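Peer 1: can't give you the sequence, but here's the structure:
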Ligand code: PGA
């Protein structure tokens, strides 16, 4: 695992964009995952800027959705699909056809989760995954406890995640209680993983993820055992004494 400490959020967004562009340049048809949330917004703005300058192409990318609220209508503007479309796909001219959505209202969720994982396998596995870090240690909505071999599945959100999403939904009572998450198994098998974390509020959980015991109680701790992981964190999230 390589941990890169940068000064601030702007530097994090730049360094993360360097990493993503290097991945896409090495493998223009990469099968890839990108997160939603506050942390990647600067990264997506920087990718859009570089894309407009013609520094990389997106026409062959094959994306998989990392997580989705369970039961939201396909075109609900609060869905992660719509969020990613606004923040990443549209600015980078990535067609909706290049993104495999999660089956977020399947009648047989277990079978649908299996089919989603089979689609990742058929794509050759994930070439790279960019991930944020939940305050409770989740990767995507793989809420604790999450085993390393967990497949794509429906789960109940923890209080911490409901609280974090409350602003987005206009109140905690409006946050869906369940989500479907791309499983830990296909995520951890990605050939390259980038974890981004910013801000003092992530300091404790980042330390537990990188230096604490590897445990389902902190799903991100399994990154300690994954093949090629890069972590980019600003000094607020990863102060020098934490190295
Ligand atoms: P954030 O979310 O980027 O909004 O902090 C990260 C996460 O919950 O995965």
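Peer 2: Received the coordinates, thanks. A quick note: this is a predicted structure, and the numbers were derived from the prediction, not measured.

Peer 1: remind me what the helix or strand bottoming out on mean pLDDT in the chain packs against, helices and strands.
Peer 2: Least confident helix or strand, the chain: helix 159-169 with a mean of 95, by mean pLDDT, DSSP states H and E. Contacts defined by 3 or more CB pairs under 8 Å, 6 or more residues apart in numbering; DSSP states H and E place helix 159-169 against no helix or strand at all. In this view, the C-beta of every residue, glycine as well, is placed from N, C-alpha and C.

Peer 1: buried ones in that helix?
Peer 2: 160, 161, 162, 164, 165 (16 or more other CB atoms under 10 Å).

Peer 1: for residue 21, which three-state class applies?
Peer 2: helix (DSSP: H, G, I helix; E, B strand; the rest coil).

Peer 1: ok, and the closest non-adjacent residue to residue 91?
Peer 2: Among residues not flanking residue 91 along the chain, residue 48 sits closest, at 3.8 Å (CB to CB, 6 or more residues apart in numbering).

Peer 1: again with residue 35
Peer 2: The shortest distance from residue 35 to any residue other than its chain neighbours is 4.4 Å, reached at residue 132 (CB to CB, 6+ apart).

Peer 1: over to residue 120?
Peer 2: Counting by CB to CB, 6+ apart, residue 120 lies nearest to residue 186, which is 4.8 Å off, once chain neighbours are set aside.

Peer 1: mind listing what's buried in the host helix or strand of the one you found?
Peer 2: Mapping residue 186 onto the secondary structure by DSSP states H and E places it in helix 184-188. Buried residues in helix 184-188, counted by 16+ other CB under 10 Å: 184, 186, 187, 188.

Peer 1: what do you get for stretch 65-77?
Peer 2: 65, 66, 67, 68, 69, 70, 72.

Peer 1: what's the answer for stretch 217-235, then?
Peer 2: 218-223, 226, 229-235.

Peer 1: averaged pLDDT, that stretch. What do you get?
Peer 2: Stretch 217-235 carries an average pLDDT of 97.

Peer 1: would you mind listing what in the chain touches the ligand?
Peer 2: Residues of the chain lying close to the ligand by CB under 6 Å from any ligand atom are 35, 37, 38, 39, 132, 133, 134, 138, 164.

Peer 1: restricted to buried residues, select those residues in PyMOL.
Peer 2: Typed into PyMOL, the line below selects the buried ones among the residues of the chain next to the ligand, using 16+ other CB under 10 Å:
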select buried, resi 35+37+39+132+133+134+138+164
